[in-house]
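J.: quick one: sequence and predicted model below, then my questions.
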Amino acid sequence: MRDTADTALSDAFLRRPPRDTRATLPRYDRSRIKAGIAHIGVGNFHRVHQALYIERCLHLPGHEDWGIVGIGLGDSASARAKADAYARQDGLYSVTEFAADGTAATRVVGAMVDYLHAPRDPGAVLDLLASPAIRIVSLTITEGGYNIDETSGAFRLDDPDVAADLACARTGELPRTAFGLIVAALALRRAAGLPAFTVMSCDNLRSNGDTARHAVLSYAYTLDTALAAWIDTHAAFPNSMVDRIAPGVSDQQRKRVAAILQAEDAQPAVAEPFTQWVLEDRFSAGRPDLAAAGAVFSDEVHAHEAVKGRMLNASHMLLAYPALQCGYRTVPEAMHDPLLRRLLGSFMERDVIPYLSLPRGVSAHAYKETLLKRFANPAVADQLLRIAHDGAAKIPVFHSQTIANLLAQGADLSRAALLLACFRLYLMGRDGNGAPLAVDEPHFGEADLALLDPNDPLTLLDTSPFAALALGDHPGFVDAYLRIADMIDSAGIRIALAGVLPSGFRTAA
Ligand code: CS2
């Protein structure tokens, strides 16, 4: 078998697939699929998660109208390259699941029937969102993309992009942000007597639907109170818990995918085998049969989301910054290190599980064990820098409640202190061996950077991500934080790691 291919993924590939392709291909007639969903933010996570549930739905009878149009808002070189690649590939891309035993299963996904790059043509995006065919607008725009001020909980109307869109709305120019486009489209729908679409957030946020609703209504209210009231009455914003690990694709994985496909995919996506989607059944203009595709409708989404965010995402953060200081670059490498594995085990058992309200049927212990296995999957080879990225937005989302519980109970703060101490070292751009780290912190702005004094670890606590927790006002936290920062500095990260493990965990396997 060749390990490179002279064919590229496209509708022509689907019509005449190479005889030795081992990929699973769509079994529905793609030419009959029309868009019912517009998705903003076609990153790896969407492509291996929601898009695959929809892909399964498209195989069900009566689902021809539930295809996806992808919408890209970014204007970077990579965002433009992505748009060009989807145009060349007729919206097709592959998803490969890498199991821990090294086996790989590739599927070509046909669900994305079109892709619009908003910076090139915002008018086309608005026309699409305002068209009767679109009944769901889904979002993966990252935790920080909702523009919520962590301290006040308000939607930040003074964010420069939001402010520019609000100004456009008054002059009749076209908006460019997710909420600007959504509200402009809802205004057109209201004027045309069309139903409001469902706004379905698939981001990892506490109450992601309520947060999306807050953002949409705050934006709309600033423009037109009657429009805001109409949206409030007619649009649905279901909450959901979304889960699947989707790393950046390595060159080795890319080659393996091409060999399985017997074709080149310019935008391959890879994922672990595990996937989960728990959501509220609240839709304002219909929905596909997501339950038949494996999603679970539940009235306990908040509890599911708390378990996932406070166990999985919080553990990811707590792993990433110390592991980078140890010199590691991938999650499985770090999970191989007993100190780091025990760090996560003790964090979940001591700092999180005692304070969690579990949804029906979920065992915290089993959830923890599954997580440790998922993280250790060597074939997924998730990157620590991917997880470390945007810590300023993600640490408050996933750790604030846990830290608040620990403070309220007077419990051991050393693991929370280690997280922040290592986040500060990451911000300084070096690992524990002095090697450079590519820091990517879009929500740690100039004002925050100006507050950071490299010689005074406490200055981190005054920066905007942590100000809401007022950690500097808690002498217990300040002591723990300074003790650990000092230990890392004087004795090294490994001694500091051993120092934050409860005694039972120091010698555990
Ligand atoms: C990760 C998530 O970005 C992160 O920090 O924790 O992308 C994580 O892999 C997903 O939420 C898994 O569902």
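T.: Nice, thanks for sending it over.
J.: avg pLDDT for stretch 266-285?
T.: Mean pLDDT, computed over stretch 266-285, is 98.
J.: next: stretch 468-484.
T.: The pLDDT scores in stretch 468-484 average 95.
J.: quick one: end-to-end length of it, please.
T.: 22 Å (CA to CA, to the nearest Å).
J.: got it, and stretch 407-423?
T.: One end of stretch 407-423 to the other measures 20 Å (CA to CA).
J.: same question, stretch 487-497
T.: With CA to CA as the measure, what separates the two termini of stretch 487-497 is 9 Å.
J.: name the SS class of the residue in the stretch 251-400 of the chain positioned nearest to the ligand, please.
T.: Distances between the stretch 251-400 of the chain and the ligand by CB to the nearest ligand atom are smallest at residue 316, namely 3.7 Å. From N, CA and C alone the C-beta is placed, and that goes for glycine too. The three-state assignment at residue 316 reads helix, by DSSP: H, G, I helix; E, B strand; the rest coil.
J.: so who does it touch?
T.: 331, 375, 387 (CB atoms under 8 Å, 6 or more residues apart in numbering).
J.: near the ligand too, which of the residues you listed?
T.: Contacts with the ligand are made by residue 387 out of the contacts of residue 316, judged by CB under 6 Å from any ligand atom.
J.: okay if I get the contacts of residue 316 as CSV plus secondary structure, pLDDT and neighbour count?
T.: Conversion of those to CSV gives the following (DSSP: H, G, I helix; E, B strand; the rest coil; pLDDT from 0 to 100; neighbours: other CB atoms under 10 Å):
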residue, secondary structure, pLDDT, neighbour count
331, helix, 98, 27
375, helix, 98, 23
387, helix, 98, 24
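J.: and stretch 279-295, how far apart are its ends?
T.: First residue to last in stretch 279-295 (CA to CA) measures 8 Å.
J.: the closest residue to residue 454 other than its chain neighbours - how many residues pack around it?
T.: Take residue 454 and drop its neighbours on the chain: the residue closest to it by CB to CB, 6 or more residues apart in numbering is residue 428, 6.4 Å away. Burial measure for residue 428: 10 neighbouring residues, criterion other CB atoms under 10 Å.
J.: ok, residue 455 next?
T.: The tally of other residues near residue 455 (other CB under 10 Å) stands at 5.
J.: that one and residue 428: what is the separation?
T.: As for residue 455, its distance to residue 428 is 11 Å (criterion: CB to CB, to the nearest Å).
J.: same check on residue 186?
T.: 44 Å.
J.: for whichever strand or helix holds residue 418, packing partners?
T.: In this assignment (DSSP states H and E), residue 418 forms part of helix 414-427. In terms of contacts (3 or more CB pairs under 8 Å, 6 or more residues apart in numbering; DSSP states H and E), helix 414-427 is packed against helix 314-326, helix 338-346, helix 391-409, helix 475-491, helix 493-500.
J.: and the average pLDDT for that helix is what?
T.: Across helix 414-427, the average pLDDT comes to 98.
J.: quick one: work out the angle between it and helix 475-491.
T.: Put simply, helix 414-427 runs at 60 degrees to helix 475-491, going by axes from the mean of the first three to the mean of the last three CA atoms, to 10 degrees.
J.: so does stretch 206-214 get close to the ligand?
T.: No - Stretch 206-214 lies apart from the ligand when judged by CB under 6 Å from any ligand atom; the minimum separation is 11.7 Å.
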